[in-house]
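Participant: could you look at this predicted model? Sequence included:
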Amino acid sequence: MKVLLVDSQARAWDSFVQSAQDETSYHQFKWKTVITESFGHTCYYLSAVESNGEWQGILPLVHVRSKLFGNFLISVPFVNYGGLRYKSDLVADLLLEEAEGLQRSLGATHVELRHVGETLKGIPTRQNKVTMILDLAPDTDAQWRSFNAKLRNQIRKAQKSGLQFVAGHLELLDGFYEVFARNMRDLGTPVYPKNFFHNILEAFPESTRIFAVYHNTKVIAAGIGSWFRKTLEIPWASSINDYKILCPNNMLYWEAIQFAIRNGFNKFDFGRSTLNEGTYNFKRQWGAQPVQLYWQYVMDGQDSIPDLNPSNPRYQTAIRIWQHLPLSVTRLLGPMIVRNIP
């Protein structure tokens, strides 16, 4: 068995992804192009292949390097899932050895593997995040009946407020991005470049949608939906806080859930959260259950697990300053900063 650096064998790579049980959308080969074109990072896609040509495992790695945030490899940045996929422990060991060799040759401090469910034994692991998964009912009426009275009233309030829901594609990108960029500024977080979302929608035209809620002619809540196999996920969603009283988020997610049920999906992935924080509680009210995320680290002489996240106290001053910058400034500077914050 050999470990190969895969540069152009998209069909063979995706054939392995489709045949395995636990692959995610973010293991698809087109994500290599999305990340490279959106952020300029070099990708190292590794595969373990038998002498007869049969694929036994994969590991997509992205090299992120900056003076401010460090030099590291990650599988996969900017999304919730990634990591090793393999048919045996031997394959996992071979791919991990190759990743360690790549880490040394690039001078990287660590390799981060974003796993859900199965984990590698004996390496440092962070478990402070979960993803929230809702098992969908067979029809929308049954799903509606599963909600408590408070949630149903919030959805009705959005409907009675005259809000309108629209599902579309690239034609809704500008409206989505206006809301997303403003929300990220208000949270104190640098915003992704618009072309990141454009590249995702363009790479996966048959498995992505933009869901948007309008107040008159203005988009006040929007999210990007992406699906793989029987799960629909909304990894990026935002709303304008000024309209919170109208419950646009409740309309957004209820319409997206109905879209999922009507199109034959059986799970709805609300995305990453921290236990008992605001977004966690919002997602939990829909009946979503937490599924543990395991972010695992191969480290080179470090004593502590890397902590590149907004809750880290070292970033609090920068976050407060960012929240008070003009939106035009954050839209200009944000993409240059966030490309190195995975």
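Facilitator: On my side now, so go ahead. Residues are numbered from 1 along each chain as shown.

Participant: where does Glu233 land in three-state SS?
Facilitator: Taken by DSSP: H, G, I helix; E, B strand; the rest coil, the conformation at Glu233 corresponds to strand.

Participant: okay, it: pLDDT?
Facilitator: pLDDT, Glu233: 97.

Participant: in what helix or strand does the nearest residue to Asn199 once chain neighbours are set aside lie?
Facilitator: In space, and not counting its chain neighbours, Asn199 is closest to Val34: 4.7 Å by CB to CB, 6 or more residues apart in numbering. Every residue, glycine included, has its C-beta placed from N, CA and C. For Val34, the element it lies in under DSSP states H and E is helix 30-39.

Participant: helices and strands around that helix, which ones?
Facilitator: Applying 3 or more CB pairs under 8 Å, 6 or more residues apart in numbering; DSSP states H and E, one finds that helix 30-39 contacts strand 42-49, strand 55-66, helix 194-203.

Participant: need the ones you listed in JSON lines with mean neighbour count, can you?
Facilitator: Output for the helices and strands packed on helix 30-39, formatted as JSON lines (neighbours: other CB atoms under 10 Å):
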{"stretch": "strand 42-49", "mean neighbour count": "21"}
{"stretch": "strand 55-66", "mean neighbour count": "22"}
{"stretch": "helix 194-203", "mean neighbour count": "19"}
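
Participant: rebuild those as TSV, extending it with mean pLDDT and distance to Gly83.
Facilitator: Shown next, in TSV, are the helices and strands packed on helix 30-39 (pLDDT from 0 to 100; distance: least, CB to CB, whole Å):
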stretch	mean pLDDT	distance to Gly83
strand 42-49	97	12
strand 55-66	96	7
helix 194-203	98	20
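
Participant: nearest to Tyr297, of the ones you listed?
Facilitator: strand 55-66 (13.3 Å; CB to CB).

Participant: ranges for the helices of the stretch 51-200 of the chain?
Facilitator: Along the stretch 51-200 of the chain, counting by DSSP state H, counting those that start in this stretch, helices occupy 89-106, 140-146, 149-160, 173-187, 194-203.
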